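**Q** Just the structure for this:
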Amino acid sequence: MQHSPDGRTDGGATALQPGFLASVFRDLGADGPEDGPEDGRSAADGPGTETAADVAAHGRAAALTHHRTLTVRAEHDRLADLLRRAALPVSAMDFESQLRRYEPRPYPAGEAEADDAGAEPRWAAYAPAHPAAADPDEGPARRLLDSGYQRELAQARLTHQRALREWHTRRAEAANSGEAEARRAHEEAEQVRARAVGEYNDSLEECRRAYRLAEPAAVESLMERALAAAETATQDLPAPCRAVFRPLTRTAVLDLDLPPLDLVPSLTGYRLAPDGEVDPVPRPPADRATDYLRLVARLALRALQAADAVDTDEVLAGVVLNGWLREPGATTALCLVSVDADRDALARTRLLPPAAPYEEHDGEGIYADAEQDEALVRLRQLGAAVTPDPYAYVSVEPAAAAGATVPSAADLSANEFAHLVRELLTRGGLTQWSVRLRGPAGLVATGEGEAGSALPGRWVVWASRAAEPVCEEEIRTLAEAVREESADRGLRLTTGRFAEPALDLVAEESHQHIHLVDGDGMRELTRTQLGLLLGAAG
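**A** All right, here's what the predicted structure looks like:
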């Protein structure tokens, strides 16, 4: 920059260049042109040069862009923190961990209070006055030999000693009384503590006995305490989970409320457009959906782990989890994830990902592809149904319904139905159970019963819960399976009914080794074999 002889800058170099740096220099107090037109232009400004007001507006827009981008980044950081905390392992809330132990507290040693005894008697309060001198030249020792004074002095000493003995007696009595009272109060407090601990442990043992007997109230209470304890790491993210226990199949059905969709940032930031407008930069919809599903997967795995960890007595045969999105104003909730896992699957699965899976890789930051996210991979290994796009409100079919007090076969999950069929036939004597095929509608399995049991020999079992009547062709297919398996008999079980041609076929001699059980028969078996009720299909 060149300067004029009088120390002022040359007129051709006084105007600041337009842009963000110019606005910064102005904010720092940079001098503009001292002389010029009233509209802020310098004498050398051309028709296309920005005014000072334009530069200031540009600077304000740039600062606003920066501030809004920082706000979006804070939302991303919060999501990363939630993903980290939602993956923390949960503590087992089984009965052993809830037991309380009484440890007696010793009586605190120390001097007892003796304020009630009063102040210690002082000799000065009892000493007689010295006798007056009869002769001014008589010394003090001479006056002390006065017989009257000596009698008074002896009497005062006796009175003082008696008062001192009484004071010590009162002090000892007060000390003994205070210490005894304090010890008695301490012992009573300890007895109250010990009794409270004992009563709590007794009630907990009662709950444990009820849990082992698979009483629904006891199982549900323990489950919900464990699920609530699992939420402590993310108390700022409400995701309540309710539990319903079905003794019929020894399955816990968990209903998990999913976080709102707007929890995941929809923007990557903001940018300043050439015209000075602050424009949002949206994220790709697929990335946003993936991030939401990553969070959902961690919440679902955490709930499954809590239910699995608390069941140390192995009451549960399986767990069904449905994740529901309840949008404000919506009439119905959407099921975005559903898991139907038996005990063996839960035991084989490491439910939660490693503690720190969020390091940056190749500029991806905390975000990874859905196919590579460990939590989603593990959830799908459990056979979970997951929505492809939560923001399009695409729902999945719940694996099981938890509403009915007495569930019907349609309310059960695939694992529950398979467990119920196996339990019924095992009670009838069919052992060495082996499932060959299983799907949402039913299963095909083999089993063997000992001689003399209700189901002797080798069997092929085909159980289904389809609404349509079982036709003749299915009976023929079962007969072929019996021959292929070298079995003795076949059992066709359905929660519905059999068509007339099917009933006629099993009456023939060639198919008399095929036995049929319809819906009414299955409900009767459930009542007699298990002592529980199975509802009729709606």
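**Q** Val470: what's it in contact with?
**A** 464, 492, 494, 496-499, 502, 516 (CB atoms under 8 Å, 6 or more residues apart in numbering). Every residue, glycine included, has its C-beta placed from N, CA and C.
**Q** Please repeat the previous calculation with a cut-off of 6 Å.
**A** 494, 498, 502 (CB atoms under 6 Å, 6 or more residues apart in numbering).
**Q** Can you add secondary structure, neighbour count and distance to Tyr149 and give those residues back as TSV?
**A** Formatted as TSV, the contacts of Val470 follow (DSSP: H, G, I helix; E, B strand; the rest coil; neighbours: other CB atoms under 10 Å; distance: CB to CB, whole Å):
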residue	secondary structure	neighbour count	distance to Tyr149
Thr494	strand	25	125
Phe498	strand	22	131
Ala502	helix	23	134
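**Q** Between these, which sits nearest Arg523?
**A** Comparing these against Arg523 with CB to CB picks out Thr494 as the nearest, at 11.8 Å.
**Q** Distance check, that closest one against Asp518.
**A** Separation of Thr494 from Asp518 (CB to CB, to the nearest Å) stands at 6 Å.
**Q** how about the helices in the stretch 301-450 of the chain?
**A** Here the stretch 301-450 of the chain has its helices, by DSSP state H, counting those that start in this stretch, at 343-348, 374-381, 414-427.
**Q** Which neighbouring elements make contact with the second one?
**A** If contacts are counted by 3 or more CB pairs under 6 Å, 6 or more residues apart in numbering; DSSP states H and E, helix 374-381 sits against helix 285-310.
**Q** Could you give the average pLDDT over the helix it packs on?
**A** When pLDDT is averaged over helix 285-310, the result is 93.
**Q** okay, the angle between that helix and helix 374-381?
**A** Relative orientation of helix 285-310 versus helix 374-381 (axes from the mean of the first three to the mean of the last three CA atoms, to 10 degrees): 70 degrees.
**Q** List the buried residues for helix 285-310?
**A** By neighbour count on 16 or more other CB atoms under 10 Å, the buried set for helix 285-310 is 287-310.
**Q** How about stretch 255-267?
**A** Within stretch 255-267, the residues that qualify as buried are 255-259, 261, 264-265, 267, counting by 16+ other CB under 10 Å.
**Q** Narrow these to those in strands?
**A** Counting by DSSP state E, the buried residues of stretch 255-267 place 255-257, 267 in strands.
**Q** Of those residues, just say which sits nearest to Ser510.
**A** For these, the minimum distance to Ser510 (CB to CB) is 49.6 Å, reached by Asp255.
**Q** Who are the packing partners of whichever helix in the chain runs longest?
**A** Using DSSP state H to define each element, the chain has its longest helix at helix 147-212. Packing partners of helix 147-212 (3+ CB pairs under 6 Å, 6+ apart): helix 216-230.
**Q** and the helix it packs on, C-alpha only, in PDB?
**A** Extracted C-alpha coordinates of helix 216-230, given in PDB (Å, rounded to 0.1, in the frame of the first residue of the first chain):
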ATOM      1  CA  PRO A 216     -46.200 -64.100  35.800                       C
ATOM      2  CA  ALA A 217     -46.200 -61.200  38.400                       C
ATOM      3  CA  ALA A 218     -42.800 -62.300  39.900                       C
ATOM      4  CA  VAL A 219     -41.200 -62.800  36.500                       C
ATOM      5  CA  GLU A 220     -42.500 -59.500  35.100                       C
ATOM      6  CA  SER A 221     -41.400 -57.600  38.200                       C
ATOM      7  CA  LEU A 222     -37.800 -58.900  38.100                       C
ATOM      8  CA  MET A 223     -37.700 -58.300  34.300                       C
ATOM      9  CA  GLU A 224     -38.800 -54.700  34.600                       C
ATOM     10  CA  ARG A 225     -36.400 -54.000  37.400                       C
ATOM     11  CA  ALA A 226     -33.600 -55.300  35.300                       C
ATOM     12  CA  LEU A 227     -34.700 -53.300  32.200                       C
ATOM     13  CA  ALA A 228     -35.000 -50.100  34.300                       C
ATOM     14  CA  ALA A 229     -31.500 -50.700  35.700                       C
ATOM     15  CA  ALA A 230     -30.100 -51.100  32.100                       C
END
